[in-house]
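J.: Sequence plus predicted model, see below.
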Amino acid sequence: MSYIPAGPSLPVTLDDVRGAQKMLSGVARVTAMEGSRHLSQLVAAPVHLKCENLQRTGSFKLRGAYVRIAGLLPEERAAGVVAASAGNHAQGVALASALLGVHATVFMPQGAPLPKISATREYGAEVRLHGQVVDETLAAAQEYAAETGAVFIHPFDHPDIIAGQGTVGLEILEQCPEVRTIVVGIGGGGLAAGIAVAVKALRPDVRIVGVQAEGSAAYPPSLAAGRPVAIENPATMADGIKVGRPGDVPFGIIGDLVDEVRTVTEDQLSAALLLCLERAKLVVEPAGASPVAALLSGPGGFEGPVVAVLSGGNVDPVLLQRVLRHGMAAQGRYLAVRLRLTDRPGALATLLGVLSVVDANVLDVSHVRTDPRLGLTEAEVELHLETKGPAHCVEVGQALREAGYTVIG
């Protein structure tokens, strides 16, 4: 591989990333690279999945957290560290601190998934819940650092964090030296910036595409403005990339080295998570599935071989259940219908018989008889059905209409 030196304006260099890789030897796993036949057929080029969801703590965050904390002076370690995170950085800081013998206090948003809160505590950190979004939690953690002298470990806005995350890029080049495009999710930007530093230094021909959730996409307006711009009320199920403002340090790197930033919808994230589970047999959180969502939404725009970075797999089971159902609905495999029928013995059984003929699997039935909107002899039924795709949904609707039912929702 040829080596292209990093520009003088970049705060992180290839040597920094290589140093981080040595520091992480025996600490972070070299995660697997899995091929995806389904995505390869869709993109018409080889697609590989970099499985950081199988990393220790369930995400890439351990890499940067360990490098940052390991680089502290003895007196800084003695003061302890403090961090803020929706979950993945929290766990990375907690484990890194435990490995290095440093006390960690972690602030998490009020709505952080319970499994992430529990895991962070089990790694030995003191957890404090504050704020509704990561930006509010960050402010609380920084205030705590100022009051106590604890060292604040930022989730993405520090050169050591970026260098640690950049080791993912080195592994990609080692595992897939023929790679032409790397697709990676972006929240604050630490992972994308680190990968870009490592990969562009060694392979400037590789295209790097960042992905953000549409409702939490601060990078497109920031890149257009030439400076980090905060967006109000970021909203997405992908809590791992739900960040309202790019980090100053990664923003400069991404502006210089990342070729494109795309956005994906919640429906596309749901479909991507479902695909990872069904086709790749991998449990991936919505933020980790964002690169796959980008491939699904625009498969013709990627030169292969492509590597999609599955950045994390820490998903709340309750959210997973909702997202899977949402993903099935987006693919036409889940259908909710509401209709009225005559309230008489056997009416519901007759309706279910119609659905049985068209092979629609009934998951749930809600039967309402007492409602001021209903006539004296009417009942309202809401059905949740498992279907086989969009064409089957049309078939179900047609069968209901032919049987004399009026679907009202």
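T.: Arrived safely, thanks for sending.
J.: Any figure for the gap between Ser222 and Ile69?
T.: As judged by CB to CB, to the nearest Å, Ser222 and Ile69 stand 28 Å apart. C-betas here are computed from N, CA, C, even on glycine.
J.: And Ala112, by the same measure?
T.: Separation of Ala112 from Ile69 (CB to CB): 21 Å.
J.: Any idea how far the helix or strand harbouring Ser270 is from the middle of the chain?
T.: According to DSSP states H and E, Ser270 maps onto helix 266-278. Mean-position distance between helix 266-278 and its chain equals 10 Å (CA atoms, centre = their mean, to the nearest Å).
J.: next structured bit after it?
T.: In N-to-C order, the element after helix 266-278 by DSSP H and E is helix 286-297.
J.: could you give the angle of that next one to helix 266-278?
T.: Using axes from the mean of the first three to the mean of the last three CA atoms, to 10 degrees, the inter-axis angle of helix 286-297 relative to helix 266-278 is 100 degrees.
J.: packing partners for helix 286-297?
T.: Helices and strands touching helix 286-297, as assessed by 3 or more CB pairs under 8 Å, 6 or more residues apart in numbering; DSSP states H and E, comprise helix 37-43, strand 181-185, strand 207-213, strand 260-264, helix 266-278, strand 306-310.
J.: May I see those organised as TSV, with distance to Ile153 added?
T.: Output for these, formatted as TSV (distance: least, CB to CB, whole Å):
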stretch	distance to Ile153
helix 37-43	35
strand 181-185	21
strand 207-213	23
strand 260-264	26
helix 266-278	28
strand 306-310	22
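J.: Leu385: which of the ones you listed is closest?
T.: Leu385 sits nearest to helix 266-278 of all these, at 17.1 Å, using CB to CB.
J.: List the contacts of that closest one.
T.: 38-39, 49, 213-215, 236-238, 264, 282-286, 289-290, 292-297, 310, 315, 320, 323-324, 326-328, 330-331 (CB atoms under 8 Å, 6 or more residues apart in numbering).
J.: Now which of the residues you listed would you call buried?
T.: Listed as buried from those are 39, 49, 213-215, 236-238, 264, 282-286, 289-290, 292-297, 310, 315, 320, 323-324, 326-328, 330-331; burial here means 16 or more other CB atoms under 10 Å.
J.: what's the average pLDDT for stretch 209-221?
T.: Averaging pLDDT along stretch 209-221 gives 96.
J.: Check the helices and strands packed on helix 286-297 for me: which has the lowest mean pLDDT.
T.: Among the helices and strands packed on helix 286-297, helix 266-278 scores lowest, with a mean of 91.
J.: Output it as CSV, nothing but the C-alphas.
T.: This file holds the C-alpha atoms of helix 266-278, laid out as CSV (Å, rounded to 0.1, in the frame of the first residue of the first chain):
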residue,chain,number,x,y,z
GLU,A,266,-36.8,5.5,9.9
ASP,A,267,-38.5,3.0,7.6
GLN,A,268,-35.2,2.3,5.9
LEU,A,269,-33.5,1.8,9.2
SER,A,270,-36.2,-0.6,10.3
ALA,A,271,-35.9,-2.6,7.0
ALA,A,272,-32.1,-2.7,7.4
LEU,A,273,-32.3,-4.0,11.0
LEU,A,274,-34.7,-6.7,9.8
LEU,A,275,-32.4,-7.6,7.0
CYS,A,276,-29.4,-8.0,9.2
LEU,A,277,-31.4,-10.2,11.5
GLU,A,278,-33.0,-12.4,8.9
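J.: Buried residues of it, list them for me.
T.: Within helix 266-278, the residues scored as buried using 16+ other CB under 10 Å are Glu266, Asp267, Gln268, Leu269, Ser270, Ala271, Ala272, Leu273, Leu274, Leu275, Cys276, Leu277.
J.: same question, stretch 121-135
T.: Buried, per 16+ other CB under 10 Å, within stretch 121-135: Tyr123, Ala125, Val127, His130, Gly131, Val133, Val134, Asp135.
J.: Thank you kindly, that will do.
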